[in-house]
Structures are given as structure tokens and as C-alpha cells.
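Undergrad: sequence isn't available, so here's the structure alone:
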């Protein structure tokens, strides 16, 4: 066994260990430890990705001497490694980009607790990506829920508390449904490991046994996970939770947490239920319809929003709709398009939330449109990041969003009937709406302050101009984010190749 | 539409949805394998293995303990971490930091509960040693008899709360300081994570681990299961105590 | 009818789950919502425990004298027991976090009604805009 194959297990365990150590370390030390641990994990996962790119095949890593079907297992393939590296890189960049906000939003004594939550959040996301055991997935889904709530509510004001309450309750309903679904699958197959359940399910399906329990289990799995990944109409909790949190929390929540559940869902569809059975199930059509509605409704809501972070949150609902549309098409091209969107949206939305934090700093901490007028001039890094983000979201060639839309349309053309027409129409509508509201934001961000401002506002603006601080860490993070986005846009062929190879390793 | 009407519509909609949900689930349960048959799909080679090979391989007579701390130890590590992160979340929400002195902490003590009752206090004093003893017994014998780290830890935690209410905050906090709580929890969880990392590494790479089953039936047997049970018990007890103290007064004594 | 009687605990579990779910959706009081959530969790444990039960068997704990010739048909299924254990731990932790959020919300808004809290927040938002 090659030493690099230990990366999945040890990246999870290292993050866990560092999270525990943060409890006893002093503040600065825990910050450094968290950064180093995440960087180390990112490096390890990139090494694993390179190992797969050199032609290695997917492998199973048993957690202990005894493997299937008795013990816990991890499974790593090219797609898993790529997603894990992306997640750890973006977590690191989000932490760096929002560091100034962490200082002001979170009590000095509680910074350690924030880093513990972040480390465990990343740990649980990596576990969801790599696990080959459904029950392990449930345990880490719960860790993910609790820590995601923790990073929302660590900015302790009335808004975040109420928002995290709603978020938590919705998430818990989702995990309850997920748990029942696991119980049903266990009752009919007698296994908990993904590969063994798949064998059992295929056999039962061939014999025509336990049809109803299987159908219900698949439906509950779909509903439970789409509750947690904010598929419209289950997304009412998202705008509050994502817009009220601190900048790095918003970036991680919108960029990564939703995606980890979507990845788990794709993994379950491929590796637990099996593609063949999945395609014949009505839940896919449901996901497609709600995905399409989400694409349109998220954009429509965003059009009327006058608050920069809430606008980004509504835009997330729309973008999640694209992912579900891709999954709902049911073909492997559709799922590949969905995975491209996962990667592109993770990079872009995390960058936009960090940049929104910068704009807020340049406008006296307000996130309302009337206050951030011209903030892009006061903080050019955030301004450039918003330009790049807009170009990508709207889908200009050579940017990430273009690849998503192109591959999604290509996937939609091949399926027949109403799916084809509806999804293409939705893509066009949503693209137009996205262009309108993002360009509106750009116009506001770069508009020169009004000619005749009131005296009070003029004074405020003078203050803000002085306050624009020199924060090298934030600037560095934004530059890296922009480079990451451009790389994904320019290297789209390679990205597509990784995803298609990874998906073929899934089966 | 006014608010009352909207609420009514929402309530009706929720009820109808729930009824549909219950109907579907009841139909589904009717199709599930019947209760208690020995030929159900879940009684398969996995159960056979856990029961027939497990006790000799792990040294734990209690097959459930053997399963959760040996074969499915990764799940259980995650489970202890759930407790840990939830305690962290409670700290984020309720811990009073910074300028709050001990006086404020004492002043807001017991905001949400009545103060001590002499009968209860005296009963607690009688019960405390027995409860601690029982908790320790259940933890130490987790691999031999019913019980284990989680149940034993919960009992020890309950014992700590009884002790606190019997003898008062001052006496308890002489030893249960914030520093002790943090160090002991971190130590137990770190030991668990490191020990399991070692066995995961040796297991997956086909190396020989030092772990040995010992003589099944003896207290000091079953490889890592006994130390892991103790770690789990410490984590559970500390979590219960810290959550109680956070809800009660918002912090440890400095 | 016979299948109904034979799967009684599972039926009960599903009805309980529905009760918990409707309580969670309909109750305005946050504490009642949390109780609903706990009913849901408990119903899942009942379902799992019922799945692990096998007629005429004993708890999965062997004695020293049995070693070497254990017959797995004599014992119940140990797997659901482990799963229920995990579920209980998760449910306890989640309840603790939820209750602490409620304590903080009550300090902040002096009410336990979620609608009332949202109304106060909207009002603050409007005042903010003016």
C-alpha cells in the first residue's frame, strides 16, 4: 500500500486532533494550529489527487484490521480527492479572508471555540466525502449540523441567534429523515456499508422484493438531504443564516456546507442505490422540477433584495438549483455538470462573501445598498473580486460559470421530452436575471457617491475612507481567490476530465 | 390575507402533509420484514460474525461493546466528537467571558430553578458515593456486562451534579475548575483519537498491532476497549457537568 | 390484520414520528418544538430497537463458559443496539444546544414564541432603515 493512501483517514483524524487541542491552547497558538492543520490537509489531499492523476485506481481503506462488511471503511477515488482538496483550500482562504471580521465579531475569549468549530466542520465534510459507510455518514452529518450552527451563532446577536435556531431545526428534520431512511435500508438489506447495501438493493430489486420500503427510503434520503442543502422550497432558512453570520462563516456555509450534502447525495445515488434504479425513480424528476423552480425563484428574490449579503444568499439558492437540475437530469453528463457547478460555485461564492466583508468594512459595517455605494473604489480588492465573481456567475466565456452552463445545456439537450425544454428555458431565464442583479450590484459598488449627499453621510464617508485598513492577509486571500477562479475557468478541460474520470470510478 | 387566516392555512397544510406522511410510512412498514423472525434480512453473516468471532477476537464478552469500540470504532470516535462539539456550542452561547467577575457569576447563579431543599440535599449526600461507585463499575465492566463508557459516563456525570447540589458550588469548584475540565476532556479525547489512529494505521496497512485480546472475562483484558471505555466515560461526564454549569450560571470559577 | 399485530412497534414508531413532526411544525413555543424533535428522535430509536429484536433470544452478552462454541441464533442482533446508542448521544447533544439557544433568545427578546421573535426582528429592521 502506497503511503499516500493513508491521506483520507489521517486528514480526518488530524483535523479532529487539532480541534481537540485548540481547547487547551492559548488564542494565537490555536489560530496558528488551525491554519497549519488545514494547510497540511490541503497539501495531503492534493498529493492524493496527483496520485490518482498518475493513473491509480480507486481504493477502499478499512478503518481497523477487519474490513467489509464488519468494520468501518473509507473509500477514495479521483473525484473524492479533488473535492476534498477544494474544500480544504477554500476553508483556509475563507478563514484568511474574514480574519478581520472574526476579530470584531467574536469575543476574544471565544476565538478558540470558533476555530474548534471550523476544524470539526472541515473534518466532518471530509468524512462525508470519503466515507463508505452510511452510518458514519449519519454521525458526521450531525457533527456538520452542530458545528455549522456554531459558526453561525458565534457572532452573538439577536439576528444570528434567531437565524441559527431556524437553521438548526430545519437541519435536524433533515437528519431525522436521513436516519429513518438508513434504518429502512438496514432492515431490508442487513448492511451498513455502502457497497454491501448496493449489492443487497440490486438483488432485492431484481427479485421484486420490498419495493415499497426501498422506494420510501430513496425518497426520504432525497428529501432529507435536499432539506440540508437548501433546495427550493426548503430554503427559507438560508438567507437569514448565511447573511447574518460573520464573513468567513458565510463563505464556508454558502460555499462548502451545502455542497458537502449534495456530494453525499450524489454518492448515495451512485454507490448505495445504484444508477440504474435511481433513474427509474420519481425522486429525480422531483429534484429536477424543484431545482428549476429554485433557479428561477432564487434569482427573482435576489432581484428585489437591497442588502448585499442577503442578495448573495438568494443567489446561492438559485445556484443550488443548477446543481439539482444537473442531478435531476439523471444522465452522467448531467451529474458531471452538477459537479462542475459544485466546484465553480464553491470558489466564486466563497470569494464573493469574503469580498462582501471587505465592502462592509469600507462602508462602516453596513451591508445595505445605500451605504455600500462606491465601496468598490474604497476597497479595490473587493471591487475586482466582485467583477470576477459577476463575470463567472453570469457565465462569460473563460470563466467558471460559463463551463457550468455550457455543460448543463449539453446534458439537457440529450435527454428527451419536457425535461429538455424546461431546463434550457430555466437556464436562460435564470442567466438573464442573474446578469441583471449582479450588474446592478456592480453599478452600485462602483458608483461615485451621490453628488449632493447629506451632511451626516458625507461625514461618515470621510470616516470610512480613513478607516480602510491595510490588512495584508485579507488582500492575499482575495488575490488567491481570484487566481483560483481564473484557473478553474481557464483549465476547464482538465476539471471536466477529473470529474468524468472520478464519476466513472464511482460505479 | 391577514395573519390569522395565513396561520390557519399553514396549520391545515402541515396537518394534511403529516397525515399523508404517516399514511405512506404505515403502508411502508406493512411491507417490511415482520418483527422478531430469525430469518429476517438483518440477521446475516455480520451478526453471526459479531457474536461468534467477536468475543474471542476482541476479548469483550459484551458483543455490543466489542462492536462499537473495535469494529465500528470510527463511528464511536465521531460520536464522542458530537458530544464535544455540542459542549463547544453551548460554551459559545452561554459562557460569560471577559470582565464578568466571580460575583456576577454567583449573582446570576440559578436563574431558572428553585434553590436547594434540605430533604433533597440530605438525600443527595447519601446517594452520591453509591452513584459514583455504580458509574465506575459500569464503565470498568463495559466489556464484560451490560453498560460501557456512555452509560457509565452519564451516571458519573449525574453523580457530579448530585455532588454539586449536595455540597454547594464552592466545595465542588475547589477541584472542578475550568482548567481541569478542559485538560481532562482534551486528554481523554486525544488519547482516544491517537490510539485509534494507531490501530487504523496498522489495520489498513496490514501491520501487526500491539493490541491483544487477553483472557476474555478478566477485567484487564480486551486490548484497547477498557481504556477507550474510560476515555468515553470521562468525556460524557465532563460534557454533562459543563453543560449543567453553563446553563446554571454561565461559567466555571476562574 | 396479522401483519399489523406483528409489526406493532414499527407502526407505533411511525405514528410517533408523525406526531413529533407535526408538533415541530405547528407549535409556536420553542420549548414545545424541542419536545416535538425529541419525540421524533425517540420514535426512530423505537423503530431501530424493534428491528434488532428476535423472538426467544437473550441480550448479546456471552458468558466465559460459552467461549469456543457460541451459537449466534441464541442472541438478539447487536448492531441496532449500537446504532440506538449513537442516536441517543446525538439527540442529547442536539437538545442541549437547542436549549441553550432558547435561553439566549429568551434573554434577548423576552419571549419563547418564534413568530413574536421574527416580528421583533422585522420591526428592528424597519427602524434600522429609517
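TA: Structure received. Source: prediction; values computed, not measured. Residues are numbered from 1 along each chain as shown, chains lettered A, B, ... in the order given.
Undergrad: contacts, neighbours, all on C-alpha from now
TA: Will do.
Undergrad: helices or strands next to the helix or strand where residue A:478 lies in the packing?
TA: If you go by DSSP states H and E, residue A:478 is part of helix A:472-490. When contacts are defined as 3 or more CA pairs under 8 Å, 6 or more residues apart in numbering or on different chains; DSSP states H and E, helix A:472-490 packs onto helix A:78-97, helix A:99-105, helix A:332-361, helix A:380-394, helix A:400-414.
Undergrad: packing partners of the fourth one?
TA: If contacts are counted by 3+ CA pairs under 8 Å, 6+ apart, helix A:380-394 sits against helix A:332-361, helix A:375-378, helix A:400-414, helix A:417-446, helix A:472-490.
Undergrad: model confidence over it, on average?
TA: Mean per-residue pLDDT for helix A:380-394: 87.
Undergrad: list the buried residues of that helix.
TA: Buried residues in helix A:380-394, defined by neighbour count with 16 or more other CA atoms under 10 Å in any protein chain shown: A:380-394.
Undergrad: partner residues bridging whichever residue of chain C sits closest to chain B?
TA: Across chain C, no residue is closer to chain B than residue C:54, which sits at 3.9 Å (CA to the nearest CA). Per DSSP bridges, the residues bridged to residue C:54 are residue B:36.
Undergrad: assign a three-state SS to residue A:60, would you?
TA: Assigned with DSSP: H, G, I helix; E, B strand; the rest coil, residue A:60 falls in the strand class.
Undergrad: right, and it touches residue A:71 too?
TA: No: Residue A:60 is beyond contact range of residue A:71, at 12.0 Å (criterion: CA atoms under 8 Å).
Undergrad: more neighbours: these two, which one.
TA: Set residue A:60 next to residue A:71 and count neighbours by other CA atoms under 10 Å in any protein chain shown: residue A:71 wins out with 23 against 17.
Undergrad: which ones are touching the more buried one?
TA: Each residue near residue A:71 by CA atoms under 8 Å, 6 or more residues apart in numbering or on different chains is listed here: A:62, A:63, A:64, B:71, B:72.
Undergrad: what secondary structure does the third one sit in?
TA: Put plainly, it is residue A:64. coil.
Undergrad: ok, of the helices and strands packed on helix A:472-490, where does mean pLDDT dip lowest?
TA: Taking the mean pLDDT of the helices and strands packed on helix A:472-490, helix A:99-105 comes last: a mean of 82.
Undergrad: what residues does that helix touch?
TA: A:111, A:154, A:155, A:156, A:246, A:247, A:248, A:357, A:471, A:473, A:474.
Undergrad: now, which of these sits nearest chain C?
TA: residue A:156 (9.1 Å).
Undergrad: the closest one touches residue B:93, doesn't it?
TA: Yes: if you go by CA under 8 Å, residue A:156 and residue B:93 touch, sitting 7.4 Å apart.
Undergrad: between those two, which is the more surrounded one?
TA: For the pair residue A:156 and residue B:93, the greater number of neighbours falls to residue B:93 (25 against 16), based on other CA under 10 Å.
Undergrad: from residue B:244, how far out is the more buried one?
TA: Computed as CA to CA, to the nearest Å, the residue B:93 to residue B:244 distance reads 13 Å.
Undergrad: now do the helices in the stretch 51-200 of chain A.
TA: Assigned by DSSP state H, counting those that start in this stretch, the helices in the stretch 51-200 of chain A fall at A:78-97, A:99-105, A:111-130, A:134-153, A:158-189, A:194-207.
Undergrad: any stretches of the chain with poor pLDDT?
TA: You didn't say which chain, so I picked chain A. Along chain A, segments meeting pLDDT under 70 span A:449-470, A:507.
Undergrad: can you look at chain C instead?
TA: Using pLDDT under 70, the flagged stretches of chain C are C:1-5, C:129-130.
Undergrad: leaving aside the residues adjacent along the chain, what's closest to residue C:77?
TA: residue C:52 (5.0 Å; CA to CA, 6 or more residues apart in numbering or on different chains).
Undergrad: before I go, just wanted to say thanks for your time.
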